[in-house]
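Enquirer: need a structure here:
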Amino acid sequence: MKADSSSVSTSSTSSEKLEETRPSVLVRRIDDNNEVEEGGTTSSTQTTTSTSTTTTSTTSTSDVSSAAINSGTRTADLDRQIETLMRCECLSEQEVKVLCAKAREILMQEGNVQRIDAPVTICGDVHGQFHDLMELFRVGGQVPETNYLFLGDFVDRGFYSVETFLLLLALKIRYPDRMMLIRGNHESRQITQVYGFYDECLRKYGSAVVWRCCTEVFDCLSLSAVINGRIFCVHGGLSPSIQTIDQIRTIDRKQEFFLA
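Expert: Residues are numbered from 1 along each chain as shown. Modelled structure (predicted):
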């Protein structure tokens, strides 16, 4: 089963049946007229593919006080951390703990289905390719001048999953209404232990603490988005048991997801 292609589809109401069409492209920009730009062309067709998931509950292991979260995520601190990450340099373990705790706090205020207004630039799998992320920002515009929706698979495969994911989290905290993140199948404890993110965290930090902090953020990520009430966005597809957007809204997402 292939579940790595990010996708978007049209949706007019929350009870509309979701249908499968063709694969999507890496980056799309939705303008105020709901037109979709794909590599210099305009299309009104959006897509989904199909996946199936099962779930199991998890608990948080990070021990970060509210005072530490508030003091460690002030604007000046965040700007400094963003500058560090933009140079593809790692944060300290303590900084990662505080950053992830604040990210969880913000993400859990969002629903399973995020409602987004155009214009917005939609980006597919980044997979730890930090320099590709920098190119996306160069072409699409920097945050907060440009609104972004990233469709998951932030980590694994690439050499800079730590820096890539933490930069996106820092931007999410700094500009919560400009940076939207949803979960892909690689935002999983199971998958990241196979495809590189776990090993990268051990190599760069000497322990699994940072990996655990990041995986707890995975559990808090939204599952989908709807742009202007009519364009449905999801990472890799839908479970055959899901027929409406309202069903997605009722999922308890704060848990580990396994591919069936």
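Enquirer: any idea what A225 is bridged to?
Expert: Beta-bridge pairing of A225 under DSSP bridges involves Q114, C233.
Enquirer: and the gap between it and S161?
Expert: Distance of A225 to S161, given as Cβ to Cβ, to the nearest Å: 23 Å. C-betas here are computed from N, CA, C, even on glycine.
Enquirer: looking at these two, which is more packed in?
Expert: Taking neighbours as other Cβ atoms under 10 Å, A225 and S161 compare with S161 leading, 29 against 24.
Enquirer: quick check: that one touching F197?
Expert: Yes: counting by Cβ atoms under 8 Å, S161 touches F197, with 4.7 Å between them.
Enquirer: any common contacting residues for the two?
Expert: 128, 155 (Cβ atoms under 8 Å, 6 or more residues apart in numbering).
Enquirer: tell me which helix or strand E256 sits in.
Expert: In the assignment (DSSP states H and E), E256 maps to strand 255-259.
Enquirer: relative to R87, how far out is M134?
Expert: 10 Å.
Enquirer: overlap in contacts of the two?
Expert: Common neighbours of M134 and R87 are not found (criterion: Cβ under 8 Å, 6+ apart).
Enquirer: which one's more surrounded, the two?
Expert: M134 (14 against 8).
Enquirer: ok, and the closest non-adjacent residue to the more buried one?
Expert: The shortest distance from M134 to any non-neighbouring residue, by Cβ to Cβ, 6 or more residues apart in numbering, is to M86 (7.7 Å).
Enquirer: and S222, what does it touch?
Expert: S222 neighbours (Cβ under 8 Å, 6+ apart): 107, 110-114, 180-183, 253.
Enquirer: for ChimeraX, write the select line for the buried members of those.
Expert: A single ChimeraX command selects the buried members of these (16 or more other Cβ atoms under 10 Å):
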select :107,110,112,113,114,180,181,182,183,253
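Enquirer: show the pLDDT at V98.
Expert: Looking at V98, its pLDDT reads 97.
Enquirer: tell me the SS of it?
Expert: Each residue gets one of three states, and V98 gets helix by DSSP: H, G, I helix; E, B strand; the rest coil.
Enquirer: those helices in this structure, which residues are they?
Expert: Assigned by DSSP state H, the helices in the chain fall at 66-72, 75-86, 93-107, 130-140, 161-174, 189-195, 197-205, 209-218, 245-249.
Enquirer: I'd like those as CSV, with distance to G229 appended.
Expert: Below are these laid out as CSV (distance: least, Cβ to Cβ, whole Å):
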stretch, distance to G229
helix 66-72, 34
helix 75-86, 32
helix 93-107, 22
helix 130-140, 23
helix 161-174, 23
helix 189-195, 32
helix 197-205, 35
helix 209-218, 28
helix 245-249, 11
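Enquirer: hey, least reliable of those helices by pLDDT?
Expert: The lowest average pLDDT among these, as it happens, falls on helix 66-72, at a mean of 54.
Enquirer: so how far does stretch 182-196 reach from one end to the other?
Expert: 20 Å (Cα to Cα, to the nearest Å).
Enquirer: contacts for it, please.
Expert: Contacts of stretch 182-196 (Cβ under 8 Å, 6+ apart): 3-4, 6, 51, 53, 58, 114, 125, 127-128, 149-158, 161, 197-198, 211, 215, 218, 221-225, 233-236, 253, 256-259.
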